[in-house]
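Enquirer: Please find the sequence and the predicted model below.
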Amino acid sequence: MEHFLSQMESYLQTSLLLSFVAAYLGGLLASLTPCVYPMIPITAGVITNSNLGGSKLRGFLLSLCYVTGMAVTYAGLGIFAAATGSFFGSINTNPWTFLVIGNIILLLGLGMLDVFKLPTIAPQFSAKIKGIPGAFLIGIFSGFVAGPCTAPVLGVLLAYVASTRDMVMGALLLFVFAFGMGAILLAVGTFSGFMASIPRSGGWMVRVKKTMGFLMVILAEYFLVKAGMMFV
């Protein structure tokens with residue numbers, strides 16, 4: 001990730017096509033971070049709840065609307081970054097940003113390790129909202145769930161967009177980034193019928209949850225160490 005981030009800004013400045021490819025690949029890279037994990041059961045629950053017949057086509061359409069809603073959230077961030085100029089650039093180099101993000105990820109990781117119980121409002125919310133409009137609306141809110149772990153890639157994108165002051169370009173780049181990040185969620189939603197057939201309880205799920213929790217704690221340490229280095 002470090003190598004990609006170091007080269008990402010040059011990719012964004014090379015050409016229009018390469019900037020969109022870099023944004024999408026950045027989204028794919030961000031999708032491998034632990035903060036996306038909580039979105040997988042949410043996505044499967046939303047799609048399964050609205051796709052009782054198990055149709056793959058309907059599952060794909062519902063998951064597409066879900067990811068599009070998430071992309072709208074990020075596109076809004078891109079427009080805001082372009083409109084406010086250097087605001088996001090200064091945030092990206094501010095040690096307090098890394099400190100806050102590190103602590104948020106640490107809390108999420110400790111919650112997954114059952115140090116304390118995380119609130120779970122998404123399943124109840126998704127049970128009341130069905131269909132394509134519901135998937136789109138929940139996708140908008142879910143865009144904020146993965147925010148902390150996407151900060152390294154997202155920060156580079158927002159800083160670049162802020163420097164260009166181009167709101168249309170900012171919206172498009174962040175929209176493409178979100179679709180890269182949502183590629184896994186598209187697959188989960190399309191095959192939600194298969195996901196629903198997987199046992200919902202057992203030792204294997206506890207182990208996966210604990211592993212993700214440890215990964216999030218390690219990622220939090222990265223942000224906290226980075227903040228400490230910037231404070232010195």
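Expert: Noted; the coordinates are in hand. A quick note: this is a predicted structure, and the numbers were derived from the prediction, not measured. Numbers count the residues shown, from 1 in each chain.
Enquirer: after the helix or strand bottoming out on mean pLDDT in the chain, next one along is what?
Expert: When the helices and strands of the chain are scored by mean pLDDT, DSSP states H and E, helix 122-128 comes last with a mean of 50. Under the assignment DSSP states H and E, the closest C-terminal helix or strand after helix 122-128 is helix 131-142.
Enquirer: ok, residue 62 touching residue 132?
Expert: Yes: using CB atoms under 8 Å, residue 62 makes contact with residue 132 at a distance of 6.4 Å. Every C-beta, even on glycine, is put in place using the N, C-alpha and C of the backbone.
Enquirer: the more surrounded of those two?
Expert: Higher neighbour count among residue 62 and residue 132: residue 62, with 28 against 15, using other CB atoms under 10 Å.
Enquirer: Could you check how far the more buried one is from residue 85?
Expert: Distance, residue 62 to residue 85, using CB to CB, to the nearest Å: 38 Å.
Enquirer: Which helix or which strand is home to residue 103?
Expert: Short version, using DSSP H and E: residue 103 is in helix 95-112.
Enquirer: Could you do residue 230 as well?
Expert: Going by DSSP H and E, residue 230 is in helix 203-231.
Enquirer: which other helices and strands contact that helix?
Expert: Contacts defined by 3 or more CB pairs under 8 Å, 6 or more residues apart in numbering; DSSP states H and E place helix 203-231 against helix 95-112.
Enquirer: in the helix it packs on, what's buried?
Expert: For helix 95-112, burial by neighbour count (16 or more other CB atoms under 10 Å) applies to 97-99, 101-102, 104-112.
Enquirer: Which elements pack onto it?
Expert: helix 151-164, helix 203-231.
Enquirer: Which of those has the highest mean neighbour count?
Expert: helix 151-164 (a mean of 23; mean count of other CB atoms under 10 Å).
Enquirer: Which elements pack onto that helix?
Expert: Counting by 3+ CB pairs under 8 Å, 6+ apart, helix 151-164 packs on helix 2-14, helix 16-30, helix 56-84, helix 87-92, helix 95-112, helix 167-181.
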